[in-house]
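>>> any chance you could fold what I've pasted below:
(chains A and B, ligands or ions: 2)
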Amino acid sequence: MQAGLLTTFKSPAKSRGYTAWILSVILFVFYILVYFTPIPDSWANAVGLNGKWQMYGVLYTLAMIIGGYFFLRKHGNSKYHKVRTWSVIFFQIVFAFSIPEIMGLFDSKGFNFAKFWPLGIEYLYPQYIFEYPLLIIVYAFVASLIAVPILTLLYGKRWYCSWMCGCGGLAETAGDSFRHLSDKKVKAWKFEQWSIYTVLFLALLTTALVIINWGLHFENEAGQWVTEFTTFDLIASKIQGTYQFIVVAMLSGVLGVGLYPLMGSRVWCRFFCPLAAIMGLVQKFGRFRITVKDDMCISCGNCSTYCEMGIDVRSYAQNNESFKRASCVGCGMCAHVCPRGVLKLENKWDFKQSSDKSKRPVFDL
Amino acid sequence: MHYVIIGNGVAGINAANRLRNLDDEAEITIISYESKHHFSRTALMYVFCGQLSEQCVEPFERDHYEKMGFKRIHNKVVSLDVLNKKLQLKNGQSLTYDKLLIASGSVPVMFDWKGADLEGVGNFVLWSDLEWLLEKAKTAKKAVVVGGGLIGIETAEILQLAGIQTTFLIRESHYWPVALDENEGTIVCDHMKEHGIDVRLKTEMQEILGDNGKVTGVKTSNGETIDADLVLIAIGVRPQTDWLADSGLNFDDRGGIIVDEQLQTNLENVYAAGDCTSVVWFNDVRRPEQLWYTSRDQGLVAGENLFGLEKNYKRGIFYNSAKFFDIEYTTAGYVNFNFEDEQNWYQKEEGKPYTVRVTYLPDKTVIGFNMLGRRWNHTILVQWIAEKRKLDWVLKHLNEANYDEELMSPFQVSGGIS
Ligand SMILES: Cc1cc2nc3c(=O)[nH]c(=O)nc-3n(C[C@H](O)[C@H](O)[C@H](O)COP(=O)(O)OP(=O)(O)OC[C@H]3O[C@@H](n4cnc5c(N)ncnc54)[C@H](O)[C@@H]3O)c2cc1C
Ligand code: SF4
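Ligands and ions are numbered 1, 2, ... in the order given. Model (predicted):
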C-alpha cells in the first residue's frame, strides 16, 4: 500500500540537527576535493573508474536513483510525480551520463544534450563549442536561444527544472527530504531577486567578453589568428576564470549541494542559476500558473513548507489569488500535499488573478 | 476610536486586518490568552506529527502585528461590563473600548463520564491540548479516540503515526453520518483499518477506567474493556462563551452569541464573529457554524461593520472539504439532508476509494455533491446548484469541475441512477 502522505521532519537530519551539520560538512569536503584536488582520481582508479569526473557522474546518478526510489515510495500515488521523477532520472542516466561517456569512447569530447546556456555557460564560448561537429553547434545555439524560451512560454520553466535538469533532478530526488528547509521569509525573496539577477548579469557579461575576445583574435582577413596578447585578453580570461570558480564550482557545486541539509535542496536553483533566471522572466509572460480555488484554504501552511523554492504559497492561497512566480519550478508538491485540494498547476493563456467575491452564488429551495 | 478584538483566531485577525485596511488611524487591540501569534487551528495535527513546525502554521510573519500597528494583549478576559465599556483581565488589569468584537472561538465538549478527570484523558482543540498530547505521546502505548467526527479521525491518524496503537470508537453504524452515507462511511472505515486503526462501530464509551489517578482503559457500551493509557475525547466543540454569562448578551441554546445579519449582538457596539457566534444557516436554522471559512468570512464582515459599513454576512451555498487519512473529501450544497423525495446518483471507481454522489430532486434539479478521493472545484459545483442544473447536464459536464492533479486519469461517468 502507498505510504501515507503524513510525515514527520522531526529527526535531527531533517531539522538542522547534528546529523544535518555532519552531512553538510561531508558534502562540502567532498565537493572541494572533487573540484579542486586530484585526490578523488585515486579513489576512482581504485574502483576501476576512469578519473574523478566519471566517478562523480556515477555517484550523482546513483544518488538520484536511490533518492527517486524513496521519493516515489511516498508520493508515487500521483502520476504527475511518478512521470516527472522518472523523467529526471532518465535524462540523468541517458543524456547527462551515458551519451557523453559513449562519445568519449569514440574519442570525441562528451556533450550533454540536456544542458543549455547559460547553465552550461561554455555552450556559447566559441573556442569550446566550435570543437564539436556542426550539428552539435547548431543544437547548442538553437536549443539555448530559441527552444528554451518557447518551451518555457508554453509550459513554464518546469519542463526543464523539474523534468530534465540534473541540478533540479538531484534536488527532487536525493534532496527531497530537505525541501522544507528553504527560507520562506520575504527577506529571503528579496535576497533571491538580487542574487539571481546578479549572477545572470555576470553570465551575460562573461559570455559577451569571451565572444568579443574570440572575435578580436579572429579579425585578421586571411582567417589567421591574431596571436598578440592584449589587456582585453587578460580581462576576459580573468573574468571567465572568476565566473568559473565562483559560480560554476562554488555556487552550483560546493554551496549548492553542501547546503542541502541546512537550507534545502534548491539553493543553487533559487538564488544563483542564470538559466533559471532567464526562464523565470519568460515564465511570467507564459501560460503556466498555479490556480487557487476560492475560499477553500485552511491556512495550514503545508504548501509553503513543502515549497523548495521558498515561495510562501499560502499567502496567495489564503487570499484567493492565482499566481505566477518567476522562481516556481513547477514541482507540484504544494498542490500534492495540500489537504484541501486548493492548488492546481495549469498551462492556460487566460490568467485571472482573483475572482469577484461579491458574486457568490446563492440558492433557495 | 479604540477597537478591541477578543480572539486571535482566524475570525479575530481577519477582522483586524480588514479594519486596518479601512482605517489607518484606528487604535486596534487584539486580546488572546491562547497564543501570542495567530496560528491555524486546522493545522494542529501537522504540528503534532512534526510535519509542520510551530512557525509554519502561523499564516502571517511574526512582525505582522507591528507592521499593521496592532496592540497585543496576551491574557484572558474574565468579564465584560457593557455599561462602562470595560473589559476585566485575569491579571487584574482592565481596559476600555469604543467598539468590541468577540471572536473567542470554541472549547471542546466534555461529558461527565466516570473517570473523565483521570490523567491521560484530554482533547485536541486548543494549543494547550497540543502541548499536552505531545508530552503524553512520548510514553503512551495505546490510545482510545472517542467520537466519529473530523477531529476524531485526525487525532486517530496522528496517534497511529506516532506509533501508538489506536482504537477509534464510533457511536453510529458508519463513520460520520452527518456528512457521509453508508457507502462512503464504509470506504473511510476500511481505509482507516488499512492504516492500522482498530475501528469499533456502534460502540460508545461508558466509563473511563483508571488506577492511581491514571487512565488504564475504557469500558464500552458492549461491555468490553479496552486497555489504553491515553483517551482522546472528540465529540464536538461548543462556543467559548462561559465567561460572558453575566454580560447581558443573548445566547442560543448551544451557547452561541446571537447576532443580526450585520453580526451585531443585542448590545450596542458589541459584535461577534467566528465559532462563538450563532448565525442563521442556509436552511434558516440558527446555530454556530464552526468552520474555518465561515469564521474567516464573518471576521472580514465584522471588520467592515465595526468600521461602520453596514455589510450583511451571507453564507451562500454550503461547501466544505476534509481529508480522511489519504482520502480527500469535497462537498457542496444539500447533501445528507435526507429530503423525503431526494434521490442520489452514485458512482464508485473500481479498486479505488473514489466516489461521486450527486443529490437531486424528483424534477432532476441537482442540489448537492459529495465526493471522495478525487479533487473537485467546489466553486463550479456551487455555481451549478445556484443555476438549478439538471442531473443529465451535470453528469455530462462533471469533468469541467474536476480539479485533479495533471496527468491523473480523467473521471468518467459509468454508474447508473440509484
Ligand atoms: C483539530 C481541528 C481541526 C479543524 N479542522 C478544520 C477544517 O479542516 N476545516 C474547517 O473549516 N474547520 C476546521 N476546524 C475548525 C476551525 O479551526 C474553527 O472553526 C476556527 O478556528 C474558528 O476560528 P475563531 O477565530 O472563531 O476561533 P479560534 O480560532 O478558536 O480562536 C479563539 C481565540 O479567542 C481567544 N479567546 C477566547 N476566549 C478568550 C478570553 N476569554 N480572553 C481572551 N482571549 C480569548 C483565544 O485565545 C483564541 O485566540 C478545526 C478545528 C480543530 C480543533
Ligand atoms: S496547503 Fe492548501 S490549505 Fe494549506 S495553506 Fe496551502 S493552500 Fe491552504
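>>> for the closest residue to ligand 1 within chain A, give me its contacts.
Using CB to the nearest ligand atom, the closest approach of chain A to ligand 1 is made by residue A:298 at 5.1 Å. For every residue, glycine as well, the C-beta is placed using N, CA and C. If you count contacts by CB atoms under 8 Å, 6 or more residues apart in numbering or on different chains, residue A:298 has them with A:339, A:340, B:40, B:42, B:43, B:292, B:293.
>>> who touches the fifth one in this structure?
By that I understand residue B:43. A:298, A:299, A:300, A:301, A:302, B:52, B:56, B:57.
>>> with adjacent residues omitted, what lies nearest to it?
residue A:300 (3.7 Å; CB to CB, 6 or more residues apart in numbering or on different chains).
>>> re earlier: so which of the contacts of residue A:298 wins on neighbours?
Ranked by neighbour count (other CB atoms under 10 Å in any protein chain shown), these have residue A:340 at the top, with 26 neighbours.
>>> ok, longest helix in chain A?
Assignment by DSSP state H gives helix A:186-218 as the longest helix of chain A.
>>> packing partners for it?
helix A:126-129, helix A:231-243, helix A:267-271, helix A:274-283 (3 or more CB pairs under 8 Å, 6 or more residues apart in numbering or on different chains; DSSP states H and E).
>>> ok, 6 Å please
helix A:231-243, helix A:267-271, helix A:274-283 (3 or more CB pairs under 6 Å, 6 or more residues apart in numbering or on different chains; DSSP states H and E).
>>> my guess is the residue nearest to residue B:43 meets residue B:41, correct?
No - contact criterion CB atoms under 6 Å: residue A:300 and residue B:41 do not qualify, at 9.6 Å.
>>> can you give me the buried ones in the longest helix of chain A?
For helix A:186-218, the neighbour count (16 or more other CB atoms under 10 Å in any protein chain shown) marks A:188-189, A:192, A:196, A:199-200, A:202-203, A:206-207, A:209-210, A:213-214, A:217 as buried.
>>> disregarding residues adjacent in the polypeptide, which is nearest to the residue in the stretch 101-250 of chain B positioned nearest to ligand 1?
Proximity to ligand 1, evaluated over the stretch 101-250 of chain B using CB to the nearest ligand atom, is greatest for residue B:105 at 2.1 Å. The shortest distance from residue B:105 to any non-neighbouring residue, by CB to CB, 6+ apart, is to residue B:275 (4.6 Å).
>>> ok, now residue B:392?
residue B:364 (7.0 Å).
>>> for residue B:366, grab phi and psi.
Phi and psi for residue B:366, reported as degrees, to the nearest 10, are phi -80, psi 130.
>>> if we can go back for a sec, in a markdown table: the contacts of residue A:298, plus secondary structure.
What follows is the contacts of residue A:298, written out as a markdown table (DSSP: H, G, I helix; E, B strand; the rest coil):
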| residue | secondary structure |
| --- | --- |
| A:339 | coil |
| A:340 | coil |
| B:40 | coil |
| B:42 | helix |
| B:43 | helix |
| B:292 | helix |
| B:293 | helix |
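>>> keep only those residues that also lie close to ligand 2.
Within the set of the contacts of residue A:298, contact with ligand 2 (CB under 6 Å from any ligand atom) is found for residue A:340.
>>> contacting residues for the residue sitting nearest the centre point of chain B?
Centroid-nearest residue in chain B, with CA atoms, centre = their mean: residue B:291, separated by 4.2 Å. Neighbour list for residue B:291: empty [criterion: CB atoms under 6 Å, 6 or more residues apart in numbering or on different chains].
>>> and it, what's its pLDDT?
pLDDT for residue B:291: 96.
>>> I'd like to know how far it sits from residue A:109.
In this view, residue B:291 and residue A:109 are 63 Å apart by CB to CB, to the nearest Å.
>>> what residues does stretch B:351-358 touch?
Contacts for stretch B:351-358 (CB under 6 Å, 6+ apart): B:184, B:187, B:191, B:327, B:344-348, B:366, B:369-374.
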